[in-house]
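**Q** Sequence first, then the predicted structure, then my questions.
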Amino acid sequence: MKLVSLLLGFGGGVLFCTTFLHLLPEVKEGLEHLAADGKLPELNFSLAETLTCTGFFIMYLVEESVHTHLRKKQAHRKENSNKDVTKSTNELVENGQTLANCVSGHSHYNGHGHSHHLPVIMDEKDDFVISSLRGLLIVLGLSVHELFEGLAIGLESSASYVWYMFAGVAAHKFVIAFCIGLELIASNTRQYLSVIYVCTFAIVSPLGIAIGMFLVGEESATANGILPVLLQGLASGTLLYVVFFEILQEHRTGLQQYISILFGFAVMFGLQILTAHSHSHSHSHSHDGHVDVHSHEVNHQENDHDHKLDSHEHIYSNEMNERILTDKIYRVTESIAETVSNVLSSTMKTPTDVSFRSSSNETTLHSNRS
């Protein structure tokens, strides 16, 4: 049990680092890009932290509601059990047994049969429901994040960056999956439920990659909208509740647990630094839309491509206009040159004709005189 407690502390440190150094910054970045694109109005409060707190209180409300329902159900069953014991005691009295024996039998049954065994059974059922709900919420909270991580990979257009993203997400998910397994074991979750939870967590990243590949080259509100950022913000609050109320508070074993938590935080922080290149590439644009973040880069590249096309079209249009203008100038110049040439040729022919006609007339007159 001591080893399990230390491993849970390690998992708590991992989730602590994931929440504050990975999820929350991504939510902030996604909201900033949405505000810059005009998809969110200017607010007088920090929306990222508000979403995180909302997820925290939703998790708190769900678990307290389940606890309240189970306590009422247990109290109702205790009341019915006491009524059944009283009824059986009266029947024994009517059958001629002594009241002392009845009371003795009742006190023995109530002291050992009811007070010990029945509450134990009810506690086991309560623990099963609570642990199952806790495991479900942990897996759902992390699966939302992993879905959009996979979406970021699927939206990558460069093969090299796909491998960078794959390595970063795989290393991150390996540690998270280890922590989920520890939490499911420590909470005594049924085996078939544990298998379902782990399979759900395992399949969300490939599902996100498939969705991202489908959305490449398309204008998609899913990849570049508000919903992914909101879900990630709520998921970060859910994980925050799990870290503080389900791991750190319930498994406090002294300085050794503190060291294990710090070690888990350091491991995740190291992975965060090592995979910073892939994550900075995928989240240097609009989050994911968050999603991602990566869809903004794709759109940015498409916009750059559109600008280049517009620039080429503009240059081509200018060249066509210059050619047309040059042709017009050439035609006008050619027409003017032809006109001038005709005028000059006409001017040169006129004196020659006059002199020729004058010479011809003189020859005719001379001949007549002779």
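**A** Sure, I can see it.
**Q** Now do the strands in this structure.
**A** For the chain, the strands defined by DSSP state E occupy 288-289, 292.
**Q** any idea how far the closest residue in space to M268 that isn't next to it in sequence lies from F174?
**A** Leaving aside its sequence neighbours, M268 sits nearest to C17 (C-beta to C-beta, 6 or more residues apart in numbering; 3.8 Å). The way it works is simple: take the backbone N, C-alpha and C, and place the C-beta from them, glycine included. Noted for C17: a distance of 14 Å to F174, by C-beta to C-beta, to the nearest Å.
**Q** For these two, indicate the residue with more neighbours.
**A** Between C17 and F174, counted using other C-beta atoms under 10 Å, C17 has the larger neighbour count: 23 against 10.
**Q** Which pLDDT value belongs to the more buried one?
**A** C17 carries a pLDDT score of 87 in this model.
**Q** Go ahead and confirm it touches F263.
**A** No: using C-beta atoms under 8 Å as the test, C17 is too far from F263 to be in contact (10.9 Å).
**Q** how many other residues sit next to K73?
**A** By other C-beta under 10 Å, 14 other residues sit near K73.
**Q** do the same with S194
**A** 20.
**Q** Which residue is the nearest non-sequential neighbour of it?
**A** L184 (4.6 Å).
**Q** Now do the contacts for the one you found.
**A** Under the criterion of C-beta atoms under 8 Å, 6 or more residues apart in numbering, the neighbours of L184 are G135, L193, S194, Y197, V198.
**Q** Surely the third one and G135 touch.
**A** Yes: with contact defined as C-beta under 8 Å, S194 and G135 form a contacting pair (7.3 Å).
**Q** Could I get the full set of helices for the stretch 51-200 of the chain?
**A** Remark: helices assigned in the stretch 51-200 of the chain by DSSP state H, counting those that start in this stretch are 99-108, 118-154, 159-186, 191-215.
**Q** Ranked by average pLDDT, which of those helices falls at the bottom?
**A** Lowest mean pLDDT within the helices of the stretch 51-200 of the chain: helix 99-108, at a mean of 42.
**Q** I figured S187 hits L137, correct?
**A** No: at 11.5 Å, S187 and L137 do not qualify as touching, with contact defined as C-beta under 8 Å.
**Q** Give me the number of neighbouring residues for N44.
**A** By other C-beta under 10 Å, the residues close to N44 number 4.
**Q** Please disregard the earlier target; I meant L230.
**A** Using other C-beta under 10 Å, L230 has 18 other residues around it.
**Q** With S236 instead?
**A** S236 has 28 neighbours, counted by other C-beta under 10 Å.
**Q** For it, give its distance to T253.
**A** As defined by C-beta to C-beta, S236 lies at a distance of 27 Å from T253.
**Q** Can you measure across stretch 17-26, start residue to end residue?
**A** Start-to-end span of stretch 17-26 (C-alpha to C-alpha, to the nearest Å) is 13 Å.
**Q** in that stretch, what's buried?
**A** Using 16 or more other C-beta atoms under 10 Å as the test for burial, stretch 17-26 gives C17, T18, T19, F20, H22, L23, L24, E26.
**Q** With distance to I226 added, can I get those residues in JSON lines?
**A** JSON lines is the format used below for those (distance: C-beta to C-beta, whole Å):
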{"residue": "C17", "distance to I226": "26"}
{"residue": "T18", "distance to I226": "23"}
{"residue": "T19", "distance to I226": "21"}
{"residue": "F20", "distance to I226": "23"}
{"residue": "H22", "distance to I226": "20"}
{"residue": "L23", "distance to I226": "17"}
{"residue": "L24", "distance to I226": "17"}
{"residue": "E26", "distance to I226": "14"}
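**Q** which of these lies closest to F56?
**A** Taking C-beta to C-beta as the measure, F56 sits nearest to T19 out of the buried residues of stretch 17-26, at 10.2 Å.
**Q** burial count for the nearest residue to the closest one once chain neighbours are set aside?
**A** Take T19 and drop its neighbours on the chain: the residue closest to it by C-beta to C-beta, 6+ apart is L239, 4.8 Å away. L239 has 27 neighbours, counted by other C-beta under 10 Å.
**Q** Also L142?
**A** Neighbourhood size, L142 [other C-beta under 10 Å]: 25.
**Q** Thought V175 was touching it, still the case?
**A** No: counting by C-beta under 8 Å, L142 stays clear of V175, with 11.2 Å between them.
**Q** Distance check, W163 against I153.
**A** The gap separating W163 from I153 is 10 Å, by C-beta to C-beta.
**Q** more crowded one of the two?
**A** More crowded of W163 and I153, by other C-beta under 10 Å: I153, with 25 against 13.
**Q** Does that one touch V162 like I think?
**A** Yes: with contacts counted by C-beta under 8 Å, I153 reaches V162, the gap being 6.2 Å.
**Q** Now for these two: what residues contact both?
**A** Counting by C-beta under 8 Å, 6+ apart, nothing touches both I153 and V162.
**Q** low pLDDT regions in the stretch 201-350 of the chain?
**A** Applying pLDDT under 70 to the stretch 201-350 of the chain flags the ranges 215-224, 250-251, 276-337, 339-341, 343-350.
**Q** If we use 90, what do you get?
**A** Residue ranges of the stretch 201-350 of the chain with pLDDT under 90: 201-258, 260-261, 264, 267-268, 270-350.
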